[in-house]
Structure formats: structure tokens, C-alpha cells
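[1] Test case, fold it:
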Amino acid sequence: MSLDLSEYEVCFKDAAPEVRDTLEGTFQEASRVMSPAAMHVYLEGAKGLCGLGRGSDLVITYLQEMPQVVRECGEDVLEDCIGAALKLSSMTSGEVIALLFGSLPTAARRLGDADLLLGYLNLVHQMSAKAARGLRPMLDNIDELLSKLTLSGLRKWALFGAEAYRRDLKNLVKYFNLETQDSRAMLQAQRRGTLFIDTQRKLNFYLRALWGRDFFLRPTAADYEGFRPYVERNVIHLPDAVDPIAGKSGLELYRAMAAHMAAHMTGTRKRISAEQLSPAQMFFIAHVEDARIEARALRAFPGLKNLWRSFLRMDYKVGVVHPTVTDLEWLALMLLDPSVRTGDEDLRAIADTFHAGIGERLDDADFSWHLGLDLFNLYAGRRDVPSLRVLQSIRIPYRDDNRFVWAFDEADWADGVEYIPASQRQVRRIVSALEMANEVDCELAGDDAQEIWRLQTPFWLDQEGCTINELEGKEPISEPFHYREWDYQIQLHRPDWATVYERRQPKGDPEDIDRILVEHRPVTSRIRQIIDMLQPQGVQRQRNLEDGDEIDLNAAVDAMVAIRMGEQPSPRITLRNVIKRRDLAVLVLLDLSESTNEPLDDTEGEDGKTILQLTREAAALVATAITGIGDPFALHGFASDGRHDVQYFRFKDFGQTFDHDAKARLAGMRGGLSTRMGAALRHASHHLSRQPETHKLVLLVTDGEPADIDERDPQHLRQDTRKAVEELASRGVLTYCLTLDPQADDYVKRIFGQNNYTVVDHVRRLPEKLPQLFASLTR
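    This next block holds a predicted model:
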């Protein structure tokens, strides 16, 4: 899209000659800072202002000043500025509107943010309604006002004058001309120590010198109680002004804030899941996470310790606060400086644990998660956990609100449950033997029949002396699934090379699975803890947002009270419904090759148990854990008899409960044949792809490397499995391998990747290891 000035000459043919001359002079400058779409808005705005008939000065000022405004705050402000001018046209003269456009470059430069500039336009519109005669002198003095005041300070100063001299028009003009004692006194009262706009360049150089990269810094109005800086969309939002604290200048406070949030951005490898956590638990975890990222930054920049420690001193903090808040302030100091101690033995133990483990886990947010919950449980046991509002009053001025460290899944109410018409739903009925014999419509109906009948007991044939299933029934075999296979020697896929058949193994005794759960009672107790830790808590409300989905009535009432009292209200009066759900589908894939039938060595001490028995026990325990959490999951197995017969077994499918039937199939699990792993992984991905969940995981349990009877090159199936793992990753499926082969280090890393495998040195620990591994992978 390109614009030609000649296209607009017709629009300005009736305008004054100086307007056309100004347009020709500013067109090139404007085109350098605006996109073609913004240039179109810019010229359309000039045409609209010409149509107001308020004189040429208004249009000339607009044409001259708006390119500078766009350079400072971006082209999105163009429509807001034009709209503000058009609204003012019905309330004041063209000269005042021209003064507004003349003040915008200064406002854009001093405020430095498009949202704050929009707030300035709203203030001008408000003043035109409340104190129209004071608007002109205020705009005349806007350079001096914005050099000393933030937008919030300017708003308080202007509203005070408008209210105080509402009926004294002569002194109203003097007030806004800065000619009265009240005006100067109010101006001095609203001045802040250090303005962000005066330190922004220094902060940019400061962060670049430390981390060798640029960070985006933006000012934010921070004149309401409880404001904390924050990081959002990789932009650091700092208060538009700060006051000195504890003898430290505003510049030092800005440096501490910026360095802390830059440490968050560079030290956060993975967001912490906020699922199943209460707001208080999130606060305690974030408190430890702040210490972790600071410890990580201190490893590279030890000098930051003195900067942050100067704002953690306890001697300058006065006033009565909750004892827990004071304890957390002391703990923050102890976590930063190991030499600091306190009289609370439990807090000293938390600090000692932190310093003992942080050296090896600088990049591990899970360390903060566990230690933060320990800290929360400590105060929960004391019954001394205050409300979130009290916790947020903690007096550590340079720290942010930690929204950057949390991972939330937002509720999408447009996603509904798939509706199936009643006429198409399959109905299963339990009928009597007489009804089955006399009234069944079709004995050979398939699984897609509209109505399926079944008996509670086997259908016995007297003459044959057996059940009909024993006589005529057979385990079904699926249609063939053909998958390609990677040939690493020619670096191409062999199309439709491996064939997968889905089969069913004979059922066993489901009570065997129940006995496994009783036998591993200590592990079952640990599984209950995993369930409590990972179980989602439904929809929760995320409050104190500026851009939420609906109004937070409590916050709105507080804001109205502040307005009535003449104070600046908090803009965070909205909330958002956040769904606490684990958007995860898991497929546990078991290797059922012949080697799983081998008994363990005597050193394992498992009384002749085979690897297959331990695999069954581990599958039963992890199924119990996932069932308690509520994630959709499937238990499948595989073996192979050459590339033409890769056998795939489904013990439990997605959407099926871990019930009597699933336990019976798991109890009947048998081992045999070989391990063609690549084809099995591709078929597992076929089942996972049907699941609507965003995150998908294949948890592979195997006791050896890929191998098959028709492939002599050991590298062929290894390379094919590696390629299959890459194919699954490209579809958003994570593959994680839990191998029982003590020699797996030679090949498993090359197949599954650096951090996507675990080698179980002691096979007897498999039942304990598998549920713990699932919890750590899906937290």
C-alpha cells in the first residue's frame, strides 16, 4: 500500500495556501515515521479537521506536530488524538484544540507511553467540561508541569484547582497560570522524587552493560496503593516516578527494580504452573522464586547483592504489620545473604535448605515450587497465614508482582462439549438369557450398532458343553495400519514399510491388580500425595487486572470510594476467569518383548519376579495416580514379529475408566517377540492425535534397545526410532523414555534427546519410579 500526495490535493483545494504548503513540507517527514496505513489515517485526520471550519492554525499545528508524537508513542495513537480533537470541537475553540496538538509532542516525550498519552487526552477532555477557562493556561504551561509532575500528579493538581475555584473564574485562570500560592504549593506537593522518563536512558544502558542485551522498558501510572512493577509480554513496566527510600535515591531504586525483573526474564527457563494452588501458596512460592533468580544473577554479577540488600534492611521499616509479613521480610534477607540469621529455627532451616540446594538448582523453578510449599505449610501449621491483601503489603520496594513466573490456562467459554444427537448415541443394555435368545435382532452386529445387548453371565451351550464365546469367539484383530520407516543409509523414508495390527491379549484376574496396590501400600500413600498436589481445582478468578474480562465489584467499589475522597483510584478493577485444568493427554506405552519374561538377578531381591511383573505393577500404580488426577490417559503395549506384524495392545483407552475390565486386561498382559519401537510410537501418535488436549505425552517403558528378527543392522531401528521421536515432536507430542537397560547410556540419549529419558539402575524400583516420573513431567 502506497500513498500519493496528489490524491489528497483535491481535498485541500479549498484550504488556505499555508495549509497546502505545510502539508507538502511535512509529508516526507511523516512518511518516514508512519506506515502507509498510518499515513492514510494522518491525512484523513487533516481532512476532517479542515472540515471543522475552526481556522488554518489548527490544521497546520496538527500536520506539524503529529509526526513527532508518532515517533515517541507509535502510530496507534493517531486515531485517539484525532478523536480527542473532534470531541473537543463541540466544547471549546479551535485555538485551544491547536494548543492541545502543540502540547502533544511534549506530553508524548515526557510520558513515554501510549496508554499514558491516552490518559492525558482524557484529562484534557475532563478539564474542558469542569474548568474550561483553565484549559488554555494549563496547556500554555504544560512544559513546566510535565517536567515536574507525572500524569497522576498533573491530574490531582488540575482537579484540585477546578474544584477549589469552581465559582471564582478569575482566580481559576490564575491557578492554572501558576500565579497563585495555592497553585505552587499543590505543584510542590505532587512532585515526585525521580521521574522514569529522566532515568530511562540510564536504565537501558545499565541493563545492557549487565546482560549484554536490550530490554523494553515502559512507564506505568503507579499512584495507587499496592502498585508493584511487573513484566508483561516481555516488557518491563516500571512506575512513572519513585521517591527515595532509606537514604537511597530514586535512581538506585529504579536500578534495583530493573535488575530484579531482568533477572526474572533471563533466569526463567520454564513458567511455574499455577494449577491446584491457592493465591497464598502462589505468594509463598513466588517469594522463594524471587530469591532463586536473584541468586542466579548474583552468580554472574556479585555487585547486585549490595544494591538489593540495601532495600532489604529492617531498620528503616516502621509501622505495625502482620508478624508473618515481618518474618517473610527477614527470610528474604536471609535468602539473599547467608550471614544473616534470625531467632526462628524453622525459618533458619528453610534458609539453610535454600542455600544448600541452590548451587545445583539455579535454573530449576521446581526447587522454588517445593521450598515455597514447605514455607506455606510451615505457617499453615502455625495457623498464621494472613489474607492475600496482608501478604501483598510486604515491604520490599524493588520486587515485582511475579505475574511473569506463572503459567495460566485461560478459560475459553467458546469451547463447548461435542454434542451427539440422541438418535446417534449407542445404548448398552443388560438383558436376560431368554430375551437374548428370542428377541435379538442381529447376532453379528458390530461395535457401531445403535443398541448393544449383553448378559451378566456367559451364554452356555448345553450340547457343546462350553460358552458361545469359547466356541466361536475370537479376539478381534484390527485392519492393518501402514507406517513409513526411516532408512538412515539412504536418508529417505521407506513408504508403508511397517504394518501394525491392534490385537487383544487374554484377560487375567483383576484382583491381581488390587493385590498390587495393597502390596505397594507405601507407594500408594505417596501416590495420594501426588494426586492432592496435581489435582486441578476448576475455574478460579484472577483479580486486580487492568484488562480483564469482567468488572470486579469489590475493586470497583474501592475505586469509587477513592474518587469520592478525591484520591486516585486503582485502574485494576477487572477480573478474569482462569480455568485450572491440566490440558494434558498421556499415553503410557509398554514394551512387551520376550526379554520382559526374564527374571531379575538375585541382587535385585525380588524373589524371582520378572521384568514383565514389575512393568505390570508400575502400570497399575501410575494408572491409579493419573485416574486420581483426572488426566485422560491410555495404557498400551507393543511387540513385533518382523515389519509385517507389529502387534499393538490396548489395555485401557482414552475415555475408558480404570475399571474391572481394564484391570483384567492389564492382569493378562503377556510378553513375547521383538521390539520395533518406531512403528509403535507412530501408532501411539495416531491415537494421541485424536485427543483435544493441547499437551500430549508418550511415556515409553522399555527394557532394551529397538530390535527385530528381520533387521540385522542395529543402527537401522535406532535411527528409525529417533526419527519417529522427531516426527512426534513436530506434531506437539513429547516422547519420554523410561528404560530398564543398564547399558542404555550408549544409545538412549541419541534417540530421545538430552533431557527426555531416565535410566532406572535398580529395576525393582520401577513401580515406585514411574508415578514419580509422571508427576515431575506433568507438574
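[2] So which elements touch the helix or strand hosting H716?
    Using DSSP states H and E, H716 maps to helix 714-730. Helices and strands touching helix 714-730, by 3 or more CB pairs under 8 Å, 6 or more residues apart in numbering; DSSP states H and E, are strand 481-487, helix 677-688, strand 733-739, helix 748-752. Placement of C-beta: from N, CA and C, glycine included.
[3] I'd like to know which of those is closest to V431.
    Among these, the nearest to V431 by CB to CB is helix 677-688 (31.8 Å).
[4] Next secondary structure after the closest one?
    strand 695-702.
[5] Now the residue of the chain most remote from its centre, what are its backbone angles?
    Each residue of the chain has a distance to the centre, and by CA atoms, centre = their mean the biggest one is for Q463: 66.3 Å. With angles defined as degrees, to the nearest 10, Q463 sits at phi -70, psi -40.
[6] distance of it from P67?
    Distance of Q463 to P67, given as CB to CB, to the nearest Å: 99 Å.
[7] returning to that earlier point: would you mark the buried spots in the helix holding H716?
    For helix 714-730, burial by neighbour count (16 or more other CB atoms under 10 Å) applies to 716-725, 727-728.
[8] Next, the angle from that helix to helix 677-688.
    With axes from the mean of the first three to the mean of the last three CA atoms, to 10 degrees defining the directions, helix 714-730 sits at 20 degrees from helix 677-688.
[9] Measure how far helix 714-730 is from the centre of its chain, please.
    Centre-to-centre, helix 714-730 and its host chain are 30 Å apart (CA atoms, centre = their mean, to the nearest Å).
[10] just to revisit the earlier point, now compare the buried residues of helix 714-730 and name the two farthest from each other.
    The largest separation in the buried residues of helix 714-730, counting by CB to CB, is between H716 and L728 at 19.0 Å.
[11] count of residues packed around G678?
    Close neighbours of G678, defined as other CB atoms under 10 Å, add up to 27.
[12] picking up where we left off before, now do the residue farthest from the centre of the chain, the pLDDT please.
    For Q463, the model assigns a pLDDT of 76.
[13] Am I right that H237 sits in a strand?
    Yes: under DSSP: H, G, I helix; E, B strand; the rest coil, H237 falls within a strand.
[14] The nearest residue to it once chain neighbours are set aside pairs with what?
    Among residues not flanking H237 along the chain, T220 sits closest, at 4.5 Å (CB to CB, 6 or more residues apart in numbering). Per DSSP bridges, the residues bridged to T220 are P239.
[15] these two touch, right, T220 and D113?
    Yes: here T220 reaches D113: they are 7.3 Å apart, a contact under CB atoms under 8 Å.
[16] neighbour-wise, which of these two wins?
    D113 (23 against 19).
[17] number of nearby residues for R731?
    If you count neighbours by other CB under 10 Å, R731 ends up with 10.
[18] what does V518 give?
    Using other CB under 10 Å, V518 is surrounded by 8 other residues.
[19] any idea how far it lies from F651?
    20 Å.
[20] what bits of the stretch 201-350 of the chain have low per-residue confidence?
    223-224, 313-320 (pLDDT under 70).
[21] all strands of it, in order?
    Along the stretch 201-350 of the chain, counting by DSSP state E, counting those that start in this stretch, strands occupy 216-220, 230-232, 235-239, 241-242, 272-273.
[22] Next, F651: secondary structure please.
    Here F651 is recorded as strand under three-state DSSP.
[23] what residues are up against it?
    Applying CB atoms under 8 Å, 6 or more residues apart in numbering to F651 gives the contacts 505, 619, 635-637, 662, 665-666, 669.
[24] L612 is in contact with S593, isn't it?
    No: the criterion here is CB under 8 Å, and L612 misses it with S593 at 9.6 Å.
[25] so what sits against both of these two?
    Joint contacts of L612 and S593 (CB under 8 Å, 6+ apart) are G671.
[26] And the nearest residue to S310 once chain neighbours are set aside, how far from L23?
    Closest residue in space to S310, ignoring its immediate chain neighbours: K248 at 5.7 Å, by CB to CB, 6+ apart. To L23, K248 is 51 Å away according to CB to CB.
[27] Which of the two has more residues huddled nearby?
    Comparing K248 with L23 by other CB under 10 Å, the one with more neighbours is L23, at 22 against 18.
[28] that older thread, of the strands of the stretch 201-350 of the chain, which stretch is the most buried?
    Looking across the strands of the stretch 201-350 of the chain with neighbours counted as mean count of other CB atoms under 10 Å, the highest average goes to strand 241-242: a mean of 25.
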